[in-house]
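Undergrad: A predicted structure for the sequence below; I have some questions about it.
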Amino acid sequence: MKPRRTLLLCAFACLACLPLRAAERNIIFFITDDEGKTLGCYGDPVAVTPNVDRLAADGTLFLNAFATTASCSASRSVVLSGLHNHLNGQYGHQHAYHKFSSFHNVVSLALPRVLANAGYRTAQIGKYHVAPEPVYHFETYLKGNARSTVQLAEACRGFITDKSDSRPFFLYVGTTDPHRGGGTDPTSARELKPDLFGNKPNHAAYPGVEEVFFDPAKVPVPAWLPDTPETREELAQYYQSCARIDQGVGRLIAILKDAGLYDKTLIVFTSDHGMAFSGAKTTVYEPGLQVPFIVRNPYEPHRGVRSTAMISHIDITPSLLDFAGGLDPVINGPKNWQNPDEFWKARGEALTENRSGGNKFRSYHGKSWLSILGEPDATHWNTIFASHTFHEIQMYYPMRVVRDLRYKLIWNIASPLPYPFASDLWAASSWQAQYRRGMDAPYGRKTVGGYIHRAPFELFNLAEDPDEAHNLAADPAYTDVLREYQEKLKRFQREMDDPWIIKWEYE
């Protein structure tokens, strides 16, 4: 018996030395900060984004993906809750004196919480920018420079390759690029110098990054921006920041491949909203709401798909939960839903304060796009809705939007007020150069004055006017269209429990 026992012990010892089988159905969600569709895979002629382009060629690229609000914290709360921010409670920025946060009872739908309940180990690195932390809680918080994207990816290696935990993983990666920041470019010869967009001055580089520099004379200027030297210098800085993001994506993919996990990991790449230029960020115009959106599902046989389906940021949480096997399709909510009141009681917290706004938080606003990956002509939403209320606390300017493939209606609820500016957009050389020329100065397809002072309703025929240059709301020929889309907007507000619906009755 002793020899047999010895053989068995040796066998178990050998098995213990073998690597544990890597978990299936992992998730990496990669979200950038203020990035438009300036990627090679979207047809941008100068973008240097080979890694994201290859990801798109091996997955599904959505041509019609939309944020619900072009504001950082508010948008991220939508991404992480599957609810419009007017319902989850995070109306604007989370940090400093802005102090917005989601309702506590959103904990029952919050992405990291429901994935943990579905058996995932969860980690976050980089930009977070939502509150309260117990609602959007990750088991692990990794440290890394959200501007140095290669270093950021390397900081994830240990979590990705950890085989001591047999659970699949969910990793949330948030860059600060290409958000404005880091001062202005001291090498510019212009009086109004371009923002650095996080780039190091004097052509310096972040560790592990091969910085890509762009000639201002060769960058494309979109129709919604003025083609000026100031705009071109800022776009050159912006493109450099985007190229740095791509290298971080490449390093993450290399780590997955080295660990044998690339074909066991769903990867989603998107941005919180559009570019940090006036005309995009903080607006509900197309450049603010349209975002890049790429999904590589290793279990989807059809790859290299360019989907025309309209999807929204409200769809992210239910889609990832669906991939994890934790979505109840009948109620469109988590299978293992946790009663939020019981959750907070178990933590010993008092329930006397307003933790829900009167909402149950049982179902998502969004719906899963998992089943349409690989289908270029599939439909998802026929109509997209957006709701913006704040960016910074000083910037009250609620807007509600209804949009389909033909028309778009914007309701500027506080239209008598001048349009408020985010502090970084107000200081931007691309804006200031035109603002100093006066209200009649051109700004893209608008004027400076037309950008600041907006009509209560803006109606655009997107099929004929994709640049949103001609407001049809006051055109008698479009009276019936205006009424039809106003009614659509009211229905959306009722369905989505939007408190601002009362503004139809007064003001």
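TA: The structure has been received and is ready for your questions. Numbers count the residues shown, from 1 in each chain.
Undergrad: Which helix runs longest in the chain?
TA: helix 229-258 (DSSP state H).
Undergrad: buried ones in it?
TA: 229-253, 255-256 (16 or more other CB atoms under 10 Å). Glycine gets a C-beta too; all of them are placed from N, C-alpha and C.
Undergrad: what do you get for stretch 362-377?
TA: Buried-residue list, stretch 362-377, by 16+ other CB under 10 Å: 363-370, 372-375.
Undergrad: outside of that stretch, which residues touch it?
TA: By CB atoms under 8 Å, 6 or more residues apart in numbering, the residues outside stretch 362-377 that reach it are 59-60, 82-84, 87, 108-109, 295, 297, 300-303, 305-309, 311-319, 321-323, 327, 331-333, 337, 378-380, 496.
Undergrad: picking up where we left off before, now the following helix or strand past the longest helix of the chain and helix 229-258, what's the angle there?
TA: Of the helices and strands lying after helix 229-258 in sequence (DSSP states H and E), the nearest is strand 265-271. Per axes from the mean of the first three to the mean of the last three CA atoms, to 10 degrees, the angle that strand 265-271 makes with helix 229-258 is 170 degrees.
Undergrad: Show me what strand 265-271 is packed against.
TA: Here strand 265-271 touches strand 26-32, helix 50-57, helix 229-258, strand 293-296, helix 316-323, going by 3 or more CB pairs under 8 Å, 6 or more residues apart in numbering; DSSP states H and E.
Undergrad: Reformat those into a markdown table and put distance to residue 406 and mean pLDDT next to each item.
TA: Compiled in a markdown table, those are given as follows (distance: least, CB to CB, whole Å; pLDDT from 0 to 100):
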| stretch | distance to residue 406 | mean pLDDT |
| --- | --- | --- |
| strand 26-32 | 30 | 98 |
| helix 50-57 | 27 | 98 |
| helix 229-258 | 30 | 98 |
| strand 293-296 | 21 | 98 |
| helix 316-323 | 26 | 98 |
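Undergrad: Mean confidence (pLDDT) on stretch 89-98, please.
TA: Taken as a whole, stretch 89-98 has an average pLDDT of 85.
Undergrad: How about residue 335, nearest residue that isn't a chain neighbour?
TA: Spatially, and ignoring its direct neighbours in sequence, residue 335 is nearest to residue 328 (4.6 Å; CB to CB, 6 or more residues apart in numbering).
Undergrad: can you tell me how far the one you found sits from residue 318?
TA: For residue 328, the distance to residue 318 (CB to CB, to the nearest Å) stands at 10 Å.
Undergrad: So for these two, which residue has more residues nearby?
TA: residue 318 (28 against 16; other CB atoms under 10 Å).
Undergrad: what about residue 427, neighbour count?
TA: So residue 427, with other CB under 10 Å, has 14 neighbours.
Undergrad: Just list the residues touching it, thanks.
TA: With the criterion set at CB under 8 Å, 6+ apart, residue 427 makes contact with residue 195.
Undergrad: quick one: it from residue 258, how far?
TA: 43 Å.
Undergrad: what about the strands in the stretch 251-400 of the chain?
TA: 265-271, 293-296, 305-312, 327-328, 333-334, 384-388, 399-403 (DSSP state E, counting those that start in this stretch).
Undergrad: okay if I get these as JSON lines plus distance to residue 506?
TA: What follows is these, written out as JSON lines (distance: least, CB to CB, whole Å):
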{"stretch": "strand 265-271", "distance to residue 506": "36"}
{"stretch": "strand 293-296", "distance to residue 506": "38"}
{"stretch": "strand 305-312", "distance to residue 506": "30"}
{"stretch": "strand 327-328", "distance to residue 506": "40"}
{"stretch": "strand 333-334", "distance to residue 506": "34"}
{"stretch": "strand 384-388", "distance to residue 506": "19"}
{"stretch": "strand 399-403", "distance to residue 506": "16"}
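Undergrad: Among these, which comes closest to residue 478?
TA: Closest to residue 478 of these is strand 399-403 (CB to CB; 14.6 Å).
Undergrad: so the closest one versus strand 384-388, what angle?
TA: Using the same axes, to 10 degrees: strand 399-403 against strand 384-388 is 170 degrees.
Undergrad: and strand 399-403, how far out from the chain's middle?
TA: Centroid separation for strand 399-403 versus its chain: 18 Å, with CA atoms, centre = their mean, to the nearest Å.
Undergrad: same for it, what does it pack against?
TA: Against strand 399-403 (3+ CB pairs under 8 Å, 6+ apart) you get strand 384-388, strand 407-412, helix 479-495.
Undergrad: which of these is buried the deepest?
TA: Mean neighbour count (mean count of other CB atoms under 10 Å) peaks for strand 384-388 among those, with a mean of 25.
Undergrad: In this structure residue 111 contacts residue 322, no?
TA: No. Contact criterion CB atoms under 8 Å: residue 111 and residue 322 do not qualify, at 12.0 Å.
Undergrad: of these two, who's got more company?
TA: Legend: neighbour count by other CB under 10 Å for residue 111 and residue 322, higher for residue 111 (23 against 19).
Undergrad: Quick one: residues contacting that one.
TA: Taking CB under 8 Å, 6+ apart, one finds 79-82, 136, 170, 172, 316-317, 320-321 in contact with residue 111.
Undergrad: same deal with residue 440?
TA: Here residue 440 is in contact with 447-449 (CB under 8 Å, 6+ apart).
Undergrad: tell me the secondary structure for it?
TA: Look at residue 440: counting by DSSP: H, G, I helix; E, B strand; the rest coil, its state is coil.
Undergrad: And the pLDDT for it?
TA: pLDDT, residue 440: 98.
Undergrad: just the contacts of residue 111 now: which is nearest residue 207?
TA: The nearest one, if we look at those relative to residue 207 and count by CB to CB, is residue 172, at 22.7 Å.
Undergrad: do you know how far the nearest residue to residue 177 once chain neighbours are set aside is from residue 148?
TA: Leaving aside its chain neighbours, residue 177 sits nearest to residue 241 (4.5 Å; criterion: CB to CB, 6+ apart). Distance of residue 241 to residue 148, given as CB to CB: 12 Å.
Undergrad: count of residues packed around residue 341?
TA: 14.
Undergrad: List the contacts of the nearest residue to it once chain neighbours are set aside.
TA: Sequence neighbours aside, residue 351 is the residue nearest to residue 341 in space, at 6.0 Å (criterion: CB to CB, 6+ apart). Going by CB under 8 Å, 6+ apart, residue 351 touches 341, 344-345.
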